[in-house]
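Asker: give me coordinates for this.
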Amino acid sequence: MSINILLADDHQLTREGVRSLLEGEEDINVVGEALDGRSAVRLARELGPDVILMDVCMPDMNGIVATTLILAENPRIKVIALSMLDDRRFVSNMLRAGASGYLVKDCSFKELARAIRMVIANRTYLSPGIMDVVVKDYVRPPAYSDSPYSSNLTIREKEVLQLVAEGHSTPQIANSLHVSAKTIESHRQNLMAKINAKGIAGLTKYAIREGLTSA
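Answerer: Below you'll find the model as predicted:
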């Protein structure tokens with residue numbers, strides 16, 4: 001029985017390379033490719049893959065929000081984060097979103113294939129470097145604490161926050177999310193109140209600090 005894989009990464013070269021390697025495995029079948037989180041959500045709904053290899057930082061919608069939305073609709077799907085980033089914020093946010101694994105992109109293909117088969121067996125896979133991050137945070141938490149506001153943000157507010165931080169205008173965000181500009185302005189005002197941010201610069205700084213977008 002084949003393991004159906006969806007690739008979600010905004011770099012075409014990465015998708016092509018990973019796809020080429022995976023298709024050499026007899027029990028693995030790549031069923032689709034997504035270039036951002038929003039298309040990953042749509043394709044997950046349409047294709048129902050067994051595993052999604054999800055980049056964390058992608059434009060329009062990041063892998064954290066996409067993972068949350070996908071697993072809310074279909075908890076059967078396993079998500080493995082495959083990222084250049086090993087920062088604790090991104091690791092923590094992806095695991096909290098429900099990811100079953102986290103690997104950095106300098107891992108070997110052998111390790112990636114092993115991670116896929118492990119999560120299919122309902123196990124969690126963290127690459128050695130990521131495991132070190134998780135264990136160190138557990139044994140010796142960082143000097144700074146997580147923002148008290150982060151848990152108060154809705155999924156839609158996180159979507160809006162990322163788009164604002166990436167420099168999109170209110171009309172552009174409204175068009176992307178299929179809502180009115182007035183609704184986006186309301187979300188932005190709520191965001192600034194919740195995280196005590198001063199304008200766009202404050203929202204952008206918060207989004208980067210919380211791992212919702214990269215600098």
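Asker: hey, let's count contacts and neighbours off CA atoms from now on
Answerer: Will do.
Asker: isn't there a strand covering Met118?
Answerer: No: the assignment for Met118 is helix, going by DSSP: H, G, I helix; E, B strand; the rest coil, so no strand is present there.
Asker: spit out the contact partners of it.
Answerer: Residues counted as contacts of Met118 (CA atoms under 8 Å, 6 or more residues apart in numbering) are Thr124, Tyr125.
Asker: repeat that with 10 Å
Answerer: Met118 makes contact with Ser100, Gly101, Leu112, Thr124, Tyr125, according to CA atoms under 10 Å, 6 or more residues apart in numbering.
Asker: surely the fourth one meets Arg114?
Answerer: No: applying CA atoms under 10 Å as the test, Thr124 and Arg114 come out as separate, 11.0 Å apart.
Asker: which members of the contacts of Met118 are positioned in strands?
Answerer: Gly101, Tyr125 (DSSP state E).
Asker: can you pick the most crowded of the contacts of Met118?
Answerer: Compared across those, Gly101 has the highest neighbour count, 26 neighbours, by other CA atoms under 10 Å.
Asker: ok, now how distant is that one from Val56?
Answerer: Between Gly101 and Val56 the distance is 12 Å, computed by CA to CA, to the nearest Å.
Asker: mutual contacts of those two, please.
Answerer: Common neighbours of Gly101 and Val56 (criterion: CA under 10 Å, 6+ apart): Ile80, Ala81, Leu82, Val91, Met94.
Asker: just the helices in this protein please.
Answerer: 12-22, 37-47, 63-73, 88-97, 109-120, 128-139, 155-165, 170-177, 181-195, 199-209 (DSSP state H).
Asker: possible to save these as JSON lines with distance to Met1?
Answerer: Listed next are these as JSON lines, based on distance: least, CA to CA, whole Å:
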{"stretch": "helix 12-22", "distance to Met1": "15"}
{"stretch": "helix 37-47", "distance to Met1": "16"}
{"stretch": "helix 63-73", "distance to Met1": "23"}
{"stretch": "helix 88-97", "distance to Met1": "27"}
{"stretch": "helix 109-120", "distance to Met1": "12"}
{"stretch": "helix 128-139", "distance to Met1": "29"}
{"stretch": "helix 155-165", "distance to Met1": "35"}
{"stretch": "helix 170-177", "distance to Met1": "38"}
{"stretch": "helix 181-195", "distance to Met1": "45"}
{"stretch": "helix 199-209", "distance to Met1": "41"}
